[in-house]
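>>> Structure of the sequence below:
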Amino acid sequence: MKKATIQLEDLACPSCAVKIEAAVKSIGGVSGDSTKVLFNASKVKLEFDEEKTSVAEIEDAIKNVGYEVKKSSVR
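All right, here's what the predicted structure looks like:
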C-alpha cells in the first residue's frame, strides 16, 4: 500500500469534504479506513493499492465531483 496526500483548492464547506471522501472511497484499491479529507487544510490523505488504482485515477474522481487538485505526493 502506498500513502498519498492530495492538496486541493480551498474547500468551501464541510459538505464538500464529505462529497470528495465518498468519491475517493468508491474507487477500488483505495483503503476506506485510511481515507480522510482534512477540510481546514484542504487535503485528502489516503492509502491505496498501486496495482488496483493510481493517483491519477483518484485525482480524476475528485475532479469529476467538481473540485480542483493543486498537487499530489506519494510515499
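>>> Can you list the residue ranges for helices in this structure?
For the chain, the helices defined by DSSP state H occupy 14-25, 55-64.
>>> what does the last one contact?
Under the contact criterion CB atoms under 8 Å, 6 or more residues apart in numbering, helix 55-64 has outside partners 4, 6, 8, 20, 23-24, 26-27, 30, 44, 46, 48, 69, 72, 74. (Each C-beta comes from the backbone N, C-alpha and C, glycine too.)
>>> Now, those residues that are in strands?
Ala4, Ile6, Leu8, Val44, Leu46, Phe48, Val69, Ser72, Val74 (DSSP state E).
>>> Run through the residues that contact the fifth one.
What that stands for is Leu46. Leu46 is in contact with Lys3, Ala4, Ile6, Val24, Val30, Ser31, Ser34, Thr35, Lys36, Ile58, counting by CB under 8 Å, 6+ apart.
>>> For the residue of the chain most remote from its centre, which residues are in contact?
Relative to the C-alpha centroid of the chain, counting by CA atoms, centre = their mean, Glu51 is the outermost residue, at 17.2 Å. With contact set as CB under 8 Å, 6+ apart, Glu51 has these partners: Gly29.
>>> burial of the nearest residue to Lys25 once chain neighbours are set aside, as a residue count?
Excluding the flanking residues, the one nearest Lys25 by CB to CB, 6 or more residues apart in numbering is Gly32, at 4.5 Å. When neighbours are defined as other CB atoms under 10 Å, Gly32 has 13 of them.
>>> Roughly how far does Gly32 sit from Cys13?
Distance, Gly32 to Cys13, using CB to CB, to the nearest Å: 22 Å.
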